[in-house]
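Asker: how would this look folded up:
(chains A and B)
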2 protein chains.
Amino acid sequence: MLVLITYDVNTEDPAGRKRLRQIARQCVNYGQRVQNSVFECMLDTAQCKVLQAKLLSIMDPERDSLRFYYLGKRYENKIEHFGNQRSYQPEAPLIL
Amino acid sequence: MLVLITYDVNTEDPAGRKRLRQIARQCVNYGQRVQNSVFECMLDTAQCKVLQAKLLSIMDPERDSLRFYYLGKRYENKIEHFGNQRSYQPEAPLIL
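Answerer: Residues are numbered from 1 along each chain as shown, chains lettered A, B, ... in the order given. Sure, this is the predicted structure:
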C-alpha cells in the first residue's frame, strides 16, 4: 500500500535538519521524497510497523510532528501534482 | 471529501514565506493546517476546483511544488499522528 509520510520539523535548527536527514534516509528506502518533508512509501503492514518504529526513535516528539496517511493500493487517481518536480536527492554526495 | 494539500516552498526566501502565508490563508477557509505546509481541507468537487485555481495563481510553478491527495469521505482510519500537535494559527494577529 502507499503510505504518505509528512514530517514537520524546524529546519532553522541544525539538530532539526539532522533529524530531517535521518527521517529522509529511512523513508527513501521504501519510496521517494516528493517534497522536502513529504515522502511516498510503498509498504506492507509489517514494513510499515518497522519504519514507524524507526521514525519514532529519530523524531523529537516535543518539537516535531509526524503524520501517516494510508492511501491504499489504488492510489494512482488520488494524487495530483503542480509546479516544480525536482527530485530530492540524499544529502550526502555519492562517492564512487 | 478530505483533500490533503502539501506545499513545498523555500521559506528562507521572504517571497516564498509570503506565498506560504497566502496559500495557508486560502486553505484554512476549508479546513485546518496540520503542519507548517500541510493542510487538510473538506471540499466538494466544485470547491476543490475553485481552491485549486486560487492556489495555482499564488504559487510560483518554477520554484514551488503543490500536491493534492484525495482521501475520499472515509478518511478517519487513514490518518495517524505522532508528536507535537500544536495548531497553526494565521500569522496575522487578530485585532478586535
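Asker: From now on I want contacts and neighbour counts done on CA atoms only, so please keep to that.
Answerer: OK.
Asker: name the element residue A:51 belongs to?
Answerer: helix A:45-58 (DSSP states H and E).
Asker: Go ahead and name everything in contact with that helix.
Answerer: A:19, A:22-23, A:26-27, B:82 (Cα atoms under 8 Å, 6 or more residues apart in numbering or on different chains).
Asker: Generate JSON lines for those residues, with secondary structure as supplementary columns.
Answerer: Shown next, in JSON lines, are the contacts of helix A:45-58 (DSSP: H, G, I helix; E, B strand; the rest coil):
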{"residue": "A:19", "secondary structure": "helix"}
{"residue": "A:22", "secondary structure": "helix"}
{"residue": "A:23", "secondary structure": "helix"}
{"residue": "A:26", "secondary structure": "helix"}
{"residue": "A:27", "secondary structure": "helix"}
{"residue": "B:82", "secondary structure": "strand"}
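Asker: I'd like the residues you listed laid out as CSV, including distance to residue A:72.
Answerer: CSV is the format used below for the contacts of helix A:45-58 (distance: Cα to Cα, whole Å):
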residue, distance to residue A:72
A:19, 27
A:22, 25
A:23, 22
A:26, 20
A:27, 17
B:82, 20
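Asker: Only the buried subset of those residues, as a PyMOL command please.
Answerer: A single PyMOL command selects the buried members of these (16 or more other Cα atoms under 10 Å in any protein chain shown):
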select buried, (chain A and resi 19+22+23+27) or (chain B and resi 82)
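Asker: Alright, that wraps it up for me.
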